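*Asks:* can't give you the sequence, but here's the structure:
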């Protein structure tokens, strides 16, 4: 059948929205990529999207919990493709900023 290709490659997915809540410390929002389908498989991402849904404040992200890799202004998002990571850390300017993170 044209267009249908079954493979043995497992498709992992991770999604987080405002949980855990942001503070001003990276240690409080460590997002480990665990597959939402089975709830236990940790995986290395191939792609990553971080979205700042807050209307006023910026958020920062880090891949090691120390180094600031980037800032997202209010209502800004960033897409990473071919990004091989297992975890991302987030922190807000004041705390309780709204965000979304997808990894696959």
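*Replies:* Thanks, I have it. The shown structure was predicted, so the numbers you read here are calculated from the model rather than taken from an experiment. Residues are numbered from 1 along each chain as shown.

*Asks:* What are the boundaries of the strands in this protein?
*Replies:* Assigned by DSSP state E, the strands in the chain fall at 14-17, 30-32, 47-52, 59-62, 70-72, 77-81, 87-92, 99-103.

*Asks:* Show me what counts as buried in the first one.
*Replies:* By neighbour count on 16 or more other C-beta atoms under 10 Å, the buried set for strand 14-17 is 14, 16. Any C-beta I mention is one placed from the backbone N, CA and C, and that applies to glycine too.

*Asks:* And it, how far out from the chain middle?
*Replies:* Relative to the centre of its chain, strand 14-17 is centred 7 Å away, using C-alpha atoms, centre = their mean, to the nearest Å.

*Asks:* picking up where we left off before, tell me which of the strands of the chain sits nearest to residue 23.
*Replies:* Residue 23 lies closest, by C-beta to C-beta, to one member of those: strand 87-92, at 6.5 Å.

*Asks:* Sheet-wise, list the partners of the closest one with their directions.
*Replies:* strand 30-32 (antiparallel), strand 59-62 (antiparallel) (DSSP bridges).

*Asks:* just to revisit the earlier point, how about a markdown table for the strands of the chain, with mean pLDDT and distance to residue 38 added?
*Replies:* Listed next are these as a markdown table, based on pLDDT from 0 to 100; distance: least, C-beta to C-beta, whole Å:
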| stretch | mean pLDDT | distance to residue 38 |
| --- | --- | --- |
| strand 14-17 | 95 | 12 |
| strand 30-32 | 97 | 14 |
| strand 47-52 | 96 | 19 |
| strand 59-62 | 98 | 26 |
| strand 70-72 | 96 | 30 |
| strand 77-81 | 94 | 24 |
| strand 87-92 | 97 | 18 |
| strand 99-103 | 97 | 15 |
